[in-house]
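1. here is my input, please return the structure:
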Amino acid sequence: MTAAAPRVSDQGQPFPESTLTPADVRRHMDGVAAFLGGAANVIMQLSHPPVGYGVLESTVDSGKVTLHPLKRLRTTLTYLAVAWMGTEEDRRVYREAVNGSHRPVRSGPDSPVEYNAFDPKLQLWVAACLYWGVDDLYTRMRGPMESELAEEFYRYSARLGTTLQMKPEMWPADRAAFFRYWEENLAQRTIDEPVRRYFNDLIDLKMTPRPVRLVFGRFHRFTVTALLPQHLRDQMGMTWTDRDERRFTTLLRAISTVWTRLPPVIRAAPLNTYLADMRLRRRLGLNLV
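-> So this is what the prediction gives:
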């Protein structure tokens, strides 16, 4: 039997494998980032029109955040938990479950753009948004990773796409290549009025009970604006001042001071909790998504 040929990137470069394990990654996970950055990351993902209209026009009502916000939160965070910290078997099982929800998500004859939830290029963009968001919040809260660890963590993060249909060789070969991909593609993202209205409802927590909106709505809009790249703030018509940036930096430092001193099992919550929930659901024969 001959050895398999080494994988190469789309640019013909060898694709290096990460030496990190889920246990290694768990020590660097800040579960609070999922709550702080979740909505902003959704906006980044959906700013790519085929992704945005795939969500906007989806007929899979059970997965709509506007109808089932808590269920959508569970399935999204479970995907992140499985991709980051799951075993290969966890990833296989969850891929099958997500595929079942994704099969109907494809453009119709009247759709303004063409899309298919199984398109690996769209999944690459979604994975890139997830990685960029995690890297951005990690740096804001803890400072930059040591360069060698940052590269290892980046290579490992290909799992954010390969847990679905993205091919490993599509993931840019290193962080420098990734940030070139990111800047080039971010500059092309546009948000039209129907998607902007959807985003504003999401930001203002319109899918939640009124008391929740009154208590958390303004803070949620503040954090979403803080964590969007400037290009997308412009697309959303948002303003962000130097004073706002100082306030947000102070907030993150306060959170980080407490969060980074907690035991790793607590710092990884709720991702580790959702991973355990997925495994329990599987054993009990319950729906995973």
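2. all contacts plus neighbour counts: C-alpha atoms, from now on.
-> Noted.
3. SS state for the residue sitting nearest the centre point of the chain?
-> What sits nearest the mean C-alpha location of the chain, by CA atoms, centre = their mean, is Leu130, with 3.2 Å. At Leu130 the chain is in helix, as set by DSSP: H, G, I helix; E, B strand; the rest coil.
4. which one is it nearest to, not counting chain neighbours?
-> Asn41 (6.6 Å; CA to CA, 6 or more residues apart in numbering).
5. in which helix or strand would I find that neighbour?
-> Using DSSP states H and E, Asn41 maps to helix 32-46.
6. show me what counts as buried in that helix.
-> Neighbour-count burial for helix 32-46, counted by 16 or more other CA atoms under 10 Å, picks out 32-34, 36-46.
7. now stretch 226-245
-> For stretch 226-245, by 16+ other CA under 10 Å, it's 226-228, 232-233, 236.
8. got those residues as JSON lines, with secondary structure columns?
-> Listed next are the buried residues of stretch 226-245 as JSON lines, based on three-state DSSP:
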{"residue": "Ala226", "secondary structure": "helix"}
{"residue": "Leu227", "secondary structure": "helix"}
{"residue": "Leu228", "secondary structure": "coil"}
{"residue": "Leu232", "secondary structure": "helix"}
{"residue": "Arg233", "secondary structure": "helix"}
{"residue": "Met236", "secondary structure": "helix"}
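9. okay, now the residue nearest to Pro22 when sequence neighbours are not counted: neighbour count?
-> Spatial nearest neighbour of Pro22, chain neighbours left out: Met85 (4.5 Å); criterion: CA to CA, 6+ apart. Close neighbours of Met85, defined as other CA atoms under 10 Å, add up to 23.
10. quick one: the helices in the stretch 1-150 of the chain, in order.
-> Assigned by DSSP state H, counting those that start in this stretch, the stretch 1-150 of the chain shows helices spanning 22-26, 32-46, 49-56, 69-85, 88-102, 120-142, 147-156.
11. mind checking those for the one nearest to Ser256?
-> Comparison of the helices of the stretch 1-150 of the chain against Ser256 by CA to CA identifies helix 120-142 as nearest, at 5.4 Å.
12. what mean pLDDT does that closest one have?
-> Average pLDDT, helix 120-142: 95.
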